[in-house]
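1. Dropping a prediction and its sequence here:
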Amino acid sequence: MHLPRFEYIRAKNLADGLALLAEHGADAKVMSGGSDLLINMKFRLDTPKVLISLNGVEELQTISVRADGRLQIGAGCRLTELVANPIISERFPILHDAMFSVGSRHIRNIATLGGNLCLETRCWYTNQSENWRMTREGCFKTDLEACHVIKTANRCHAINSSDTAPALMVLDASVIVARHDGQREVALIDFYHDDGVDHTVIKPDELLTAVLIPGSSRRTIFAKLAQRVGLDFAVGTFAASVSGSNDAPDSVCLVLNSVSAAPKVLAESEKILTESGLSDEAIEAAAIAARKALGEVTNLFTPSGFKRRLVKTLIRDALHELREQAS
Amino acid sequence: MSKQIITLTVNGHPHEIAIETHHTLLDVLRNELGMTGTKRGCTAGSCGVCTVNGDAGEAICSCLSLAIEWDGRSVTTIEGVQEGSELHPIQAAFLEYGAVQCGFCTPGLIMTTKSLLDFNTSPSEEEINETLAGAICRCTGHIKVKKAVRKAAEMLREREAG
């Protein structure tokens, strides 16, 4: 597959990039690594008139500790570089594990953290070549109010496959969303919409510039299931963090991804574990509650029934592992 | 849309090339420079057959990188691996262990292996697996490839020891 034509503009710095976005807005796409965007462009799912390259923007590639103690990671930092960063491995092992699980080493050498958080949602029917797609009618993602996966759907159910999103969400992370005339901070938990077509709060003239992670003493675990672990997008991604003891935790955060258009906070399961502690029975109950909370599930990669069972097992095994960490 | 001129150093030789903005690094290597050692596979980053090594020796999929982003930078391709008239130890080891079936994935596997062994001649089993996960042999499997990688590492260690 070849890329469609576009006008290429390389932003000199962040202000220049934001000015270009303000000017070209909906006609433009920003690119750092390009490992997601370029494939979608080859599929003709994205045909921007203007491609704004952020690879020359140094402000997006810095890591620093802010005055408020939070670690700030530039959205343009490459995953390989972040995986090798000792501060992240020591302070936020869950983020290290999540980033290490993204794609293959080849992909991590070009992919960025911001790109992974903004990853386009994917669907078995839509994320195919144009010729392949032409064999059937369009869908919410293209030009029709229809979904081929869940026939009764009134919105797009394409899947959010970001591995870093759930890990950062259980760390209570935020992101900075900038535009030419200012910036805002958005808690990652409020960043996603459960709609595959419009799945983040980012507007066409905005850019995710950095990730902010507060210091944390929480114990964490990251688990990912994929057909080929070293390469594929996940069938299920689970992140959990706990503060306090196993028997009487102060708080529990559980987030599941790669099953819906937005990462899913498992509120009911969190409540069960906070009230009952991480006993065998409570973990089983939390995993069952998570399975029930799934709602409509697409059959991307695996039949949806199998996926429901798989999610339960993923969560149960990960929580057992998290519990063992303390002892 | 008009063409743009970039300077790209391939295997140590600088080239001035007129490219179009929508050309990938792979397109330019194969179509503009005629260096067809780097293969074209899935073109979507899943197979690693187009692997080349970037400025820092890192393995990347050349199908997923815009050529224009490579202005002023350098890449190493399979054509630049051989050392004069001698095979590179990685190539020699691939031959010795028959880590080649149809040969289509071999350039990608060799460049992937090189991105590991250039920095670490004593890789663990896990590091070998993790690196090779990005380059897929379509014919058979990675058993002989892994044997070859271990042999190449051994040859490179011997060379280091002098």
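-> Sure thing, it's come through.

2. residues making contact with the longest helix anywhere in chain B?
-> Using DSSP state H to define each element, chain B has its longest helix at helix B:143-161. Contact with helix B:143-161 is made by B:89-90, B:92-94, B:96-99, B:109, B:113, B:116-117, B:121-123, B:128-129, B:132, B:137, as judged by Cβ atoms under 8 Å, 6 or more residues apart in numbering or on different chains. Where you see a C-beta, it was placed from the backbone N, CA and C, and this is true even at glycine.

3. now with 6 Å?
-> By Cβ atoms under 6 Å, 6 or more residues apart in numbering or on different chains, the residues outside helix B:143-161 that reach it are B:89-90, B:93-94, B:97-99, B:109, B:113, B:117, B:121, B:128.

4. how many neighbours does residue A:290 have?
-> 27 (other Cβ atoms under 10 Å in any protein chain shown).

5. My read is that it contacts residue A:314, right?
-> No. In this structure, residue A:290 is not within contact of residue A:314 by Cβ atoms under 6 Å, at 9.1 Å.

6. Next one: residue A:221 from chain B, what distance?
-> Distance, residue A:221 to chain B, using Cβ to the nearest Cβ, to the nearest Å: 20 Å.

7. same question, residue A:19
-> Counting by Cβ to the nearest Cβ - residue A:19 and chain B are separated by 20 Å.

8. same question, residue A:20
-> For residue A:20 relative to chain B (Cβ to the nearest Cβ), the value is 15 Å.

9. Next SSE downstream of the particular helix or strand that has residue A:29 in it?
-> Secondary structure assigned from DSSP states H and E places residue A:29 in strand A:28-31. Sequence-wise, the next helix or strand downstream of strand A:28-31 (DSSP H and E) is helix A:37-42.

10. Now do the helix or strand just after that following helix: distance to the chain's middle.
-> Of the helices and strands lying after helix A:37-42 in sequence (DSSP H and E), the nearest is strand A:50-53. With Cα atoms, centre = their mean, to the nearest Å as the basis, strand A:50-53 stands 22 Å off its chain's centre.

11. can I get the CA coordinates of strand A:50-53 in CSV?
-> Extracted as CSV, the C-alpha positions of strand A:50-53 are listed here (Å, rounded to 0.1, in the frame of the first residue of the first chain):
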residue,chain,number,x,y,z
VAL,A,50,-1.6,18.7,5.5
LEU,A,51,0.7,16.6,7.6
ILE,A,52,2.4,18.5,10.4
SER,A,53,5.5,16.8,11.5
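
12. What helices and strands are in contact with the helix or strand that comes right after that strand?
-> Note on strand A:50-53: by DSSP H and E, the next helix or strand toward the C-terminus is strand A:63-65. Packing partners of strand A:63-65 (3 or more Cβ pairs under 6 Å, 6 or more residues apart in numbering or on different chains; DSSP states H and E): strand A:71-74.

13. What lies in contact with the strand it packs on?
-> With Cβ under 6 Å, 6+ apart, strand A:71-74 has contacts from A:60-66, A:113, A:210-213.

14. The same query, at a cut-off of 8 Å, please.
-> So strand A:71-74 is contacted by A:59-66, A:82, A:87-88, A:91-92, A:113-114, A:209-213, A:215 (Cβ under 8 Å, 6+ apart).

15. What parts of chain A come near chain B?
-> Contact residues (Cβ under 8 Å from any Cβ of the partner chain) of chain A with chain B: A:1-8, A:31, A:33-35, A:38-39, A:42, A:51, A:53, A:55, A:80, A:103-107, A:109-110, A:228-231.

16. Now that we have the residues you listed, which of them are buried?
-> Neighbour-count burial (16 or more other Cβ atoms under 10 Å in any protein chain shown) applied to the residues of chain A next to chain B gives A:1, A:3, A:6, A:8, A:31, A:33-35, A:38-39, A:42, A:51, A:53, A:55, A:80, A:103-107, A:109-110, A:230-231.
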